[in-house]
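Undergrad: need a 3D model of the sequence below.
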Amino acid sequence: MLARDHWYIACPSLKLAERKPLAAQFGDLQVVVFRGKNGEPHALLDRCCHRGVKLSRGRVSENGCIACGYHGWEYDAQGNVQHIPSLGDGKMRSKFQVPSFHVRETHHYVWVWIPGESEAPTYEPELRGFAPGTWIQFSGIWKCNVSAAVENQLDTAHPVFSHPTTYPTFETDRELNPELFLSTWRGHVEDGNKVEIYFLPTDGTPVQRPTIENPGSNITAFEMPYRNYVFLTSANVRAIYNWIPLSEDTGRLEYMSLSWPPKGPGDFKVRIWDEELEILAQDRVLLESAQGTYNPSRDKHVPADRPPLAARQIIHHAHQLAAAPPKDQEFEFEVYA
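TA: Numbers count the residues shown, from 1 in each chain. Alright, predicted model coming up:
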């Protein structure tokens, strides 16, 4: 389920301490990330080449190497064994090593390049749409197929039913679903790897196509690898969902959202949020309930499903299956919201 030749988030920067390694999983690949002597992040295969113990259960030495917690074998940033305590000082002649990975630290995350056809990165990791204020970062495991999670964020017909008490455009004091009204949305597929949708006013007012980079945008978008943006400026919402497949029925969510307005010009802060937000839990529970019978080929579709289906086709293409990437296109659809 993991599309390779992409950057994936290992962890939020704030979670990677100076002397404590962290385990990160990408598909069936187990990786350990740690900070070197100068605080720079590194990533190795999470397996000591001596007895196979996870390096993430070890520690980072003062010299910036990661030491296995079993016998103390030390590895540098390139995965080369630099010290074997049982050999004694001055007797290290080993060429033992474990695979290393390219790493970047940007946009408040530590990223690892998962190679496929290209060992070296072919692009740089990027998150779009940052704005001043206080952002929170949350990490969680969803027991559902990542494609289903991606599609959920492009589904404009579900919030009124799934989030009657939490969706930001609803009145928060209502216990029942608010009155439904028919709304029109416009979808756009670009470059064969992006899907964007936005709301069209009911009075027919012309709308210039919004972009994530525009601070005033109301837009929901998807891009590879498995990333959703939900930016509703009218409701003070900016949320970024990064999905990392762990298996066919499990994924890791790295979520970031703008939660408090800036106190002054240029005020930008990031906080770790340990408790799952209610709006996330509402989606997760629903998707996990469907995973036991997950079979996209049996799904029935209506026009409102065009954006999720475009994302599904893009993901299929990324896995080199029969589906071709959707061509650049514009389309409109209506849903009750």
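Undergrad: show me what contacts Glu117?
TA: Contacts for Glu117 (CB atoms under 8 Å, 6 or more residues apart in numbering) come out as 4-5. C-betas here are computed from N, CA, C, even on glycine.
Undergrad: state the distance from Ser183 to Pro296.
TA: 26 Å (CB to CB, to the nearest Å).
Undergrad: more crowded one of those two?
TA: Ser183 (16 against 12; other CB atoms under 10 Å).
Undergrad: okay, now the unreliable bits of the stretch 201-337 of the chain?
TA: Under the criterion pLDDT under 70, the flagged ranges of the stretch 201-337 of the chain are 321-322.
Undergrad: let's see 80
TA: 202-204, 215-216, 234-235, 320-325, 336-337 (pLDDT under 80).
Undergrad: would you map the strands across it?
TA: 218-223, 227-232, 237-247, 250-260, 268-272, 329-336 (DSSP state E, counting those that start in this stretch).
Undergrad: the third one to strand 250-260, inter-axis angle?
TA: Taking axes from the mean of the first three to the mean of the last three CA atoms, to 10 degrees, one finds strand 237-247 and strand 250-260 inclined to each other by 170 degrees.
Undergrad: may I have strand 237-247 as PDB, with CA atoms only?
TA: The C-alpha trace of strand 237-247 is given here as PDB (Å, rounded to 0.1, in the frame of the first residue of the first chain):
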ATOM      1  CA  VAL A 237     -10.000  26.200   9.900                       C
ATOM      2  CA  ARG A 238      -6.600  25.200   8.500                       C
ATOM      3  CA  ALA A 239      -5.800  21.500   8.800                       C
ATOM      4  CA  ILE A 240      -3.200  19.200   7.100                       C
ATOM      5  CA  TYR A 241      -3.500  15.500   7.200                       C
ATOM      6  CA  ASN A 242      -0.500  13.300   6.300                       C
ATOM      7  CA  TRP A 243      -1.300   9.600   6.100                       C
ATOM      8  CA  ILE A 244       1.400   6.900   6.300                       C
ATOM      9  CA  PRO A 245       0.300   3.400   5.300                       C
ATOM     10  CA  LEU A 246       1.400   0.700   7.800                       C
ATOM     11  CA  SER A 247      -0.500  -2.200   6.100                       C
END
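Undergrad: helices or strands up against that strand?
TA: strand 6-12, strand 22-26, helix 146-153, strand 227-232, strand 250-260 (3 or more CB pairs under 8 Å, 6 or more residues apart in numbering; DSSP states H and E).
Undergrad: hmm, back to that, of the strands of the stretch 201-337 of the chain, which approaches Val31 most closely?
TA: strand 237-247 (11.0 Å; CB to CB).
Undergrad: who does that closest one pair up with?
TA: Here strand 237-247 is paired, per DSSP bridges, with strand 227-232 (antiparallel), strand 250-260 (antiparallel).
Undergrad: can you point out the buried residues in that strand?
TA: 237-246 (16 or more other CB atoms under 10 Å).
Undergrad: would a markdown table of the strands paired with strand 237-247 with mean neighbour count and distance to Gly116 be doable?
TA: Below are the strands paired with strand 237-247 laid out as a markdown table (neighbours: other CB atoms under 10 Å; distance: least, CB to CB, whole Å):
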| stretch | mean neighbour count | distance to Gly116 |
| --- | --- | --- |
| strand 227-232 | 21 | 18 |
| strand 250-260 | 20 | 19 |
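Undergrad: can I get those strands in TSV including distance to Tyr109?
TA: Listed next are the strands paired with strand 237-247 as TSV, based on distance: least, CB to CB, whole Å:
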stretch	distance to Tyr109
strand 227-232	12
strand 250-260	7
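Undergrad: nearest to Cys68, of those?
TA: Across the strands paired with strand 237-247, closest to Cys68 is strand 250-260 (CB to CB), at 24.8 Å.
Undergrad: convert the C-alpha atoms of that closest one to CSV, please.
TA: Taking Å, rounded to 0.1, in the frame of the first residue of the first chain, the C-alpha atoms of strand 250-260 are listed here in CSV:
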residue,chain,number,x,y,z
THR,A,250,-3.9,0.3,9.1
GLY,A,251,-2.4,3.8,8.7
ARG,A,252,-0.6,6.5,10.8
LEU,A,253,-2.0,10.0,10.8
GLU,A,254,0.3,13.0,11.3
TYR,A,255,-2.2,15.8,11.7
MET,A,256,-1.5,19.6,12.0
SER,A,257,-4.0,22.3,12.4
LEU,A,258,-4.2,26.0,13.2
SER,A,259,-5.9,26.2,16.5
TRP,A,260,-5.3,29.7,17.9
